[in-house]
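>>> after the sequence you'll find the predicted model.
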Amino acid sequence: MISITGEEQGQVIMVNSFTLPALTVGFIDGKKILSYITSAANPVAELAFGHETIIGENRAPIVAGFSSRGPSYIQPEILKPDILAPGVNIIAAWPTEAFNIISGTSMACPHVAGIAALLREAHPTWSPAMIRSAIMTTAVTLDNYYRPTVDQSLGVATPFQIGAGLVHFPMARDPGLVYETSVQDYVDLMCTMNYTKEQISQFVPGIFTCSKLEGGAGGLNYPSFVVIFDKETKARMLKRTLTKVSKQPETYTARVVNPRPDDVEVTVEPQILDFDDEHQLGSYKVEFKSIVIDTTDKGTEYGYIIWENGVHQVKSPLVFMWN
């Protein structure tokens, strides 16, 4: 028997237990097989079942069809998802057997949670926001063939599918710089989103005050950027603050990856940040300016802002949307 994945699952093949000799192929390959069966006068196939496991031949990672996608409907100015993690055909211990192979968020979530725990062990003073930043800014966007990560249809995956990229623990241990986000920052975000005092008090017990979040929701000190242009908004200015977590003095230079400079200008000021002491802060502003005349069908574009110095690379995804 030949089992073909559905169009939504695409080329991502999840392990199944068949009670008869069978194999599973991806949606694209399955269409080729079906085309051959319907077009050939006498279609012939041969299935060979061995015990050899081939590793590293297929492209990986591939974003699964069941993986959550952005943008966030609650707050589109904050990029979601944050990160991509292994969640398809994960081999792990199982209570009643030696092992099991399972797919889903239940595999990806503990993978990231374990990395967060290891980072907390290595850096006991880091806040949850600093750990999240280290995971996001060191994530990988290329696959095992050093090509852009793809989704289940083999199209290039965007930050709305992979967030900052695939989590990479060895680099997250030493990110160089992190984006810290305080409790007050989140209070200001909820105020910006018109949460009531009763709603905010469920997250922040005690007395709290609302202060203006510069740049609106997009001004949250987050390791990513989402900029939404419309008829009234042709330019946006967003501020970010970096915290140095390495011990040696370092100088970072900003680099903008903007595949559509004819549609949007991205200017970073200052373009150089000098850090001497651990925990030193360094702030910068980014101006985003839409320079298109007709925004019809401009849709969404993507890029990156990277702070680098030859040792560390602090990478943040950019999303530009024309509403």
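That came in fine, so what should we check first?
>>> and the strands in the stretch 151-300 of the chain, which stretches?
Ranges of strands in the stretch 151-300 of the chain, per DSSP state E, counting those that start in this stretch, are 177-178, 225-229, 235-244, 250-257, 264-269, 272-275, 281-290, 300-308.
>>> which one of those strands lies nearest to residue 131?
strand 177-178 (8.3 Å; Cβ to Cβ). The way it works is simple: take the backbone N, C-alpha and C, and place the C-beta from them, glycine included.
>>> the closest one packs against which elements?
Judged by 3 or more Cβ pairs under 8 Å, 6 or more residues apart in numbering; DSSP states H and E, the packing partners of strand 177-178 are helix 128-137, strand 235-244.
>>> where does this protein dip in pLDDT?
Applying pLDDT under 70 to the chain flags the ranges 293-297.
>>> tell me how many other residues surround residue 27.
Using other Cβ atoms under 10 Å, residue 27 has 20 neighbouring residues.
>>> got the phi and psi for it?
The phi/psi pair for residue 27 (degrees, to the nearest 10) reads phi -60, psi -40.
>>> and it, how close does it get to residue 157?
Between residue 27 and residue 157 the computed distance is 17 Å (Cβ to Cβ, to the nearest Å).
>>> how about residue 79?
Applying Cβ to Cβ to residue 79 and residue 157 gives a distance of 14 Å.
>>> with residue 12 instead?
Residue 12 sits 12 Å away from residue 157, going by Cβ to Cβ.
>>> shared neighbours, the two?
Each of residue 63 lies in contact with both residue 12 and residue 157 under the rule Cβ atoms under 8 Å, 6 or more residues apart in numbering.
>>> please identify which of these two sits among more neighbours.
More crowded of residue 12 and residue 157, by other Cβ under 10 Å: residue 157, with 25 against 22.
>>> let me know the distance separating the more buried one from residue 55.
Taking Cβ to Cβ, one finds residue 157 at 22 Å from residue 55.
>>> with residue 207 instead?
Taken as Cβ to Cβ, the span from residue 207 to residue 55 is 57 Å.
>>> again with residue 169
Distance of residue 169 to residue 55, given as Cβ to Cβ: 20 Å.
>>> and the longest helix along the chain, how far out from the chain's middle?
Taking DSSP state H as the criterion, the chain has its longest helix at helix 105-122. Offset of helix 105-122 from its chain centre (Cα atoms, centre = their mean, to the nearest Å): 15 Å.
>>> show me what that helix is packed against.
Secondary-structure packing of helix 105-122 (3+ Cβ pairs under 8 Å, 6+ apart): strand 90-92, helix 128-137, helix 169-172.
>>> next, the angle helix 105-122 makes with the longest one.
To tie it back to what came earlier, the one meant is helix 128-137. If you take axes from the mean of the first three to the mean of the last three Cα atoms, to 10 degrees, helix 128-137 sits at 110 degrees to helix 105-122.
>>> which elements pack onto helix 128-137?
In terms of contacts (3+ Cβ pairs under 8 Å, 6+ apart), helix 128-137 is packed against helix 105-122, strand 177-178, strand 313-322.
>>> redo that, cut-off 6 Å
strand 177-178 (3 or more Cβ pairs under 6 Å, 6 or more residues apart in numbering; DSSP states H and E).
>>> first-to-last residue distance for stretch 60-75?
Taking Cα to Cα, to the nearest Å, the first and last residues of stretch 60-75 lie 30 Å apart.
>>> buried residues of that stretch, list them for me.
By neighbour count on 16 or more other Cβ atoms under 10 Å, the buried set for stretch 60-75 is 61-65, 67, 70-71, 75.
>>> number of nearby residues for residue 28?
When counting by other Cβ under 10 Å, one arrives at 15 neighbours for residue 28.
>>> burial of the closest residue to residue 72 other than its chain neighbours, as a residue count?
Of all residues not flanking residue 72 in the chain, residue 80 sits nearest, at 4.3 Å (Cβ to Cβ, 6 or more residues apart in numbering). Here the number of neighbours of residue 80 (other Cβ under 10 Å) works out to 18.
>>> for residue 192, list the residues it contacts.
Residues near residue 192 by Cβ atoms under 6 Å, 6 or more residues apart in numbering: 213, 216-217.
>>> select from those residues the one having the most neighbours.
residue 213 (21 neighbours).
>>> for it, give me phi and psi.
When read as degrees, to the nearest 10, the backbone of residue 213 gives phi -90, psi 110.
>>> is it true that it touches residue 222?
No: here residue 213 does not reach residue 222: they are 11.3 Å apart, not a contact under Cβ atoms under 6 Å.
>>> measure residue 75 to residue 217 for me?
Distance from residue 75 to residue 217, by Cβ to Cβ: 5 Å.
>>> what residues does the residue positioned nearest the centre of the chain make contact with?
Closest residue to the average C-alpha location of the chain: residue 163 at 1.6 Å, with Cα atoms, centre = their mean. By Cβ under 6 Å, 6+ apart, the residues touching residue 163 are 81-83.
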